[in-house]
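In: Provide a 3D model corresponding to the input given below.
(chains A and B)
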Amino acid sequence: MTAIEIGRLLRAGTTGFVVGCRIDQFSLPSFGDLVRVPLDRDYQIYGLIYDMHVDDDGLVRQLVTSEVIEETIIQDNRVNRNVPIEISVLSVGYEQDKRTYHLLPPRPPLSLDVIFSCNPDELCAFSKAGRFGYFRHILRARDLPVGELLAAHLQKAQRAHVQIGNPMWVNDAIQELITLLRDDYAVLMSLLSTVGDAFNE
Amino acid sequence: MNNSKSMNSDNNVQFGMGKTGIGYVVSGGLKENLQVRLTVSPQEVQEGAFVVIESGKWLFFGLVTDLQLGATDPRFADEQSEIRLPPDMARLLHGQTLYTNLEVLPALMMERGPELSSPEYQIWRDEIEVGIRSEPSALPVKTIPAHHAPVRLAGPGDIAEIFGKEKESGNFVIGRTREQNYPVCINLEKLVQRSSGVFGATGTGKSFLTRILLAGLIHHNTASLLVFDMHNEYGFDDTASDTKEKVVGLKTRFPGQARVVGLGKRALIRKRPPDFNLEIAMSDIQPEDIELLTRELNLKETTPTTLDALVASFGRDRWFTEFKRMQINAFTEDQNGKKVPADGSVAAWANANGVNIMAAEGLHSKLNRVFRLPYIAEEPASDGIGEIVRSLEAGKHIILSFGKHESDLDYLLVTNLLSRRIRRAWEQRTNNYRGSGEDEPRPLVIVLEEAHKLLNREMAAQTTFSTIARELRKYYITLLIVDQRPSQIYDEVMSQLGTRISGWLGDDDDIQAVLSGLSGRQALRGMLARLQPKEEVLLLGWGVPMPLPIRSRRYDKQFWDELLGRTHVINNEDDIISEMGF
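Out: Have a look, this model is predicted:
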């Protein structure tokens, strides 16, 4: 399967990184997606998209004050942007020597490294490796919309696992979340309510 | 979300041989019992369940005494999260935050050795073979299992290991475990080694359970039985008071071994003639027999003195006959024309022997109830008591039916008098056995219904039975007490009871009495009060390895088929009709 590139790295730290992308790439990823950054042949970093940010520039500021904006101008502004769309990613693990670790990556990606969207097989492989150790990174990021991020991730991952015949995955995942948070009633109930919304049909 | 798998099943602890766990040990100790986190639905385990805990080289056997609901945070229990969350998610949440703890009373432990597949196991077995180690057996619990030791419900093999195997000699299936219906045995040889008791409020099936026990004892030929059958229930066929169904008598099924004795000349029991009749000779009645009727006859404190004087005047054999013959208010005139007691009157005898006339006449008048008893004869047609003793010595079983003599007076007098004679005979035989190497006496079990009448606090000191309960184990005589008010039985007697089998009891004092002298009383109290009113009994005491509530066997055709085989004697019309399928 052809890998889908979603952008290049703008800046990075051990716990996360920010990707810049063009408008034609912007429709590809979405909130909660798993992405990967291959660094060399045997090492790649995995992350979850938790924010997508469209910044303004001087021209946009001028244009928004106009009464009428022609469609061509809008398209031109979007396609030929000076400022890229920024996608923030939370580091949740890495793969080294064909083994997946749900630990923080030993070293972050570098500027302009290419970021790819994970396909369902990659998502399944990463999420079923180990025992949901990557939930730790999500739950620790209290500044992020943890519940929403988990809900989005579980929804996507569950779809992928159902396709490969592993419908029980989500039960195990929720069970692990309950185990991790059962001493924090308020956070757990809020999180379960959010996740519950994602699965309420 | 798929809901086909529950959190509980994930946590189920798997044992070898396909046994599934019900939980794991989380806390506790020997004093405050063990706490076990349940990993299956609470409805799968009941109070009283027999559980096995595997920890290291040891197996621990215990009894579930309580089930408690708990929560990791009380708010998880307070809020009905199943309303707020999708059902499957709520179930997962409850699986981890809401739980049930079992309280387990550890009773026994047994070494199981190293893992079967390990090389150490063979070494361990070899050490047993050559006698360096003793064969593992169940011991009273002296340590506790480790944290997270898996817990499972006992299987039939565990129950057989602890309570004995059905096929082994002396073992008798008394009932089955309540949840899984596994047979539970009691050892009849152990049962008769000490006195035992069958208790339960009225209507809980004491008589049926007693019949089952007696049938087992007769069939296994463990001991001779002397049944004081106050209500004529055990010998011949009877009709159940509640179901109106026919209840087979022991005589019907054991015609050769059981002998029904009717009290009184020409007595009929259930309209059938007994094997022989019992008449009591006046010479058999001793002052102590009268003294124990003090409360029943409302005798005065002067009675012992008067009785002593009677024995001194006429001897132990004749006092009763002579006293009965004496008259009251018989006067004559002396040579001075003065009114004096006539010869042959109580007053004349009292005067001559320095006994207070009023006391003697009072005693005579109160003994009138005894004098009038039709089964007391000056010269009985046969030596009924002797025949009973000889039958018991010969290994037969005696069911003494009281016929129409069902009053407390009859019961007190006859049981005590007979037991005294038997006690003397057995003491003699035991002394001969120990001294001169004669045959060992055959164990004798005296079955006492309404035992509180004979073994209450006031009577216990006077009757033979308290001595039997306390001491006569050495002389091969024990009691089987059947009673509905164990609290009325003297504590000293209760504490001597080896095996106790109790049905439902409502009264706190009765429960306390049944549990007296046993460890884990508090835990067992509730269990006794919550037994099913019918057919469920709790096995307790020295005679059973550990307390266990069971569903007792039913006293029905199936029981007899299992006990005697399908070929047991069919000797009445009803049986034949029933066998033919009508």
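In: Find me the pLDDT at the spatially most central residue of chain A, would you?
Out: Most central in chain A under Cα atoms, centre = their mean is A:Ile49, positioned 1.9 Å from the mean C-alpha point. For A:Ile49, the pLDDT comes out at 96.
In: contacting residues for it?
Out: For A:Ile49, the contact set (Cβ atoms under 8 Å, 6 or more residues apart in numbering or on different chains) comprises A:Pro29, A:Ser30, A:Phe31, A:Gly32, A:Asp33, A:Val35, A:Ile87, A:Ser88, A:Val89. From N, CA and C alone the C-beta is placed, and that goes for glycine too.
In: what does A:Val83 give?
Out: Per Cβ under 8 Å, 6+ apart, neighbours of A:Val83: A:Asp55, A:Asp56, A:Asp57.
In: Around chain A, pick out the residues from the stretch 51-200 of chain B.
Out: Taking Cβ under 8 Å from any Cβ of the partner chain as the contact definition, the stretch 51-200 of chain B meets chain A at B:72-73, B:75-76, B:79, B:81, B:84-86, B:88-89, B:92-93, B:95-97.
In: Give me the buried subset of those residues.
Out: The neighbour-count test (16 or more other Cβ atoms under 10 Å in any protein chain shown) applied to these identifies B:Phe76, B:Ser81, B:Leu85, B:Pro86, B:Asp88, B:Met89, B:Leu92, B:Leu93, B:Gly95, B:Gln96, B:Thr97 as buried.
In: what's the longest helix belonging to chain A in contact with?
Out: Counting by DSSP state H, the longest helix found in chain A is helix A:146-163. For helix A:146-163, contacts defined as Cβ under 8 Å, 6+ apart pick out A:30-34, A:48, A:50, A:90, A:120-121, A:123-124, A:127-128, A:135, A:138-139, A:167, A:169-170, A:173-174, A:177, A:190-191, A:193-195, A:197-199, B:1.
In: so whichever helix or strand comes after that helix versus helix A:146-163, what angle?
Out: Downstream of helix A:146-163, the next assigned helix or strand under DSSP states H and E is helix A:169-181. Relative orientation of helix A:169-181 and helix A:146-163, computed by axes from the mean of the first three to the mean of the last three Cα atoms, to 10 degrees: 150 degrees.
In: And helix A:169-181, what does it pack against?
Out: Judged by 3 or more Cβ pairs under 8 Å, 6 or more residues apart in numbering or on different chains; DSSP states H and E, helix A:169-181 is in contact with helix A:120-128, helix A:135-140, helix A:146-163, helix A:185-199, helix B:87-97.
In: The same query, at a cut-off of 7 Å, please.
Out: Counting contacts by 3 or more Cβ pairs under 7 Å, 6 or more residues apart in numbering or on different chains; DSSP states H and E, helix A:169-181 packs against helix A:135-140, helix A:146-163, helix A:185-199, helix B:87-97.
In: Any idea how far apart the tips of stretch A:99-107 sit?
Out: 16 Å (Cα to Cα, to the nearest Å).
In: to the chain's geometric centre, what's the distance from that stretch?
Out: With Cα atoms, centre = their mean, to the nearest Å as the basis, stretch A:99-107 stands 16 Å off its chain's centre.
In: Check which residues of that stretch are buried.
Out: Buried-residue list, stretch A:99-107, by 16+ other Cβ under 10 Å: A:Thr100, A:Tyr101, A:His102, A:Leu104, A:Pro105.
In: And the contacts of it?
Out: Outside stretch A:99-107, the residues that touch it by Cβ atoms under 7 Å, 6 or more residues apart in numbering or on different chains are A:14-15, A:45, A:91-94, A:125-126, A:129-130, A:133-134.
In: again, only this time at 10 Å
Out: Residues outside stretch A:99-107 that contact it (Cβ atoms under 10 Å, 6 or more residues apart in numbering or on different chains): A:12-17, A:37, A:39, A:42-47, A:91-96, A:125-137.
In: which residue sits closest to A:Leu188, ignoring its sequence neighbours?
Out: Nearest residue to A:Leu188 in three dimensions, chain neighbours excluded: A:Leu181, at 3.9 Å (Cβ to Cβ, 6 or more residues apart in numbering or on different chains).
In: Now chain A against chain B: closest residue?
Out: Going by Cβ to the nearest Cβ, chain B is nearest to A:Pro167 of chain A, at 4.3 Å.
In: give the contact list for the closest residue to B:Pro374 other than its chain neighbours.
Out: Nearest non-adjacent residue to B:Pro374, counting by Cβ to Cβ, 6+ apart: B:Gly264, 5.6 Å away. B:Gly264 makes contact with B:277-280, B:373-377, B:384, B:402-405, B:410 under the criterion Cβ under 10 Å, 6+ apart.
In: before we move on, which element is the residue in the stretch 451-582 of chain B that chain A sits nearest to in?
Out: In the stretch 451-582 of chain B, no residue comes nearer to chain A than B:Ala523, which is 30.4 Å away by Cβ to the nearest Cβ. Element membership for B:Ala523 (DSSP H and E) is helix B:521-529.
In: just checking, what packs against that helix?
Out: When contacts are defined as 3 or more Cβ pairs under 10 Å, 6 or more residues apart in numbering or on different chains; DSSP states H and E, helix B:521-529 packs onto strand B:58-71, strand B:98-111, strand B:499-502, helix B:508-515, strand B:536-541, strand B:548-552.
In: Sort out which residues of it are buried, please.
Out: B:Ala523, B:Leu524, B:Arg525, B:Met527, B:Leu528.
In: so that helix versus helix B:508-515, what angle?
Out: Going by the same axes, to 10 degrees, helix B:521-529 makes 120 degrees with helix B:508-515.
In: ok and helix B:521-529 relative to strand B:536-541, angle-wise?
Out: Interaxial angle, helix B:521-529 versus strand B:536-541 (the same axes, to 10 degrees): 150 degrees.
In: Helix B:521-529: how far from the chain's middle?
Out: For helix B:521-529, the distance to the chain centre is 18 Å (Cα atoms, centre = their mean).
In: OK, contacts around the residue nearest to the residue nearest to the centre of chain A when sequence neighbours are not counted?
Out: Leaving aside its chain neighbours, A:Ile49 sits nearest to A:Asp33 (4.8 Å; criterion: Cβ to Cβ, 6+ apart). Contacts for A:Asp33 (Cβ under 10 Å, 6+ apart) come out as A:6, A:47-50, A:52, A:87, A:89, A:117-118, A:123, A:152-153, A:156.
In: And the most centrally placed residue in chain B, how far from B:Leu539?
Out: When Cα atoms, centre = their mean is applied to chain B, the residue found nearest the centroid is B:Gly197 (2.4 Å). Distance, B:Gly197 to B:Leu539, by Cβ to Cβ, to the nearest Å: 12 Å.
In: how far away is the spatially closest residue to A:Gly20 that is not a sequence neighbour from A:Gly32?
Out: Nearest residue to A:Gly20 in three dimensions, chain neighbours excluded: A:Pro84, at 3.4 Å (Cβ to Cβ, 6+ apart). From A:Pro84 across to A:Gly32, the span is 21 Å (Cβ to Cβ).
In: In TSV: the buried ones among the residues of the stretch 51-200 of chain B next to chain A, plus pLDDT and distance to B:Gln35.
Out: Supplementary listing: these in TSV, determined by pLDDT from 0 to 100; distance: Cβ to Cβ, whole Å:
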residue	pLDDT	distance to B:Gln35
B:Phe76	92	19
B:Ser81	88	25
B:Leu85	89	28
B:Pro86	89	32
B:Asp88	88	29
B:Met89	91	28
B:Leu92	91	24
B:Leu93	92	22
B:Gly95	87	18
B:Gln96	87	17
B:Thr97	90	17
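In: got any ranges where the stretch 251-400 of chain B has weak pLDDT?
Out: Applying pLDDT under 70 to the stretch 251-400 of chain B flags no residue at all.
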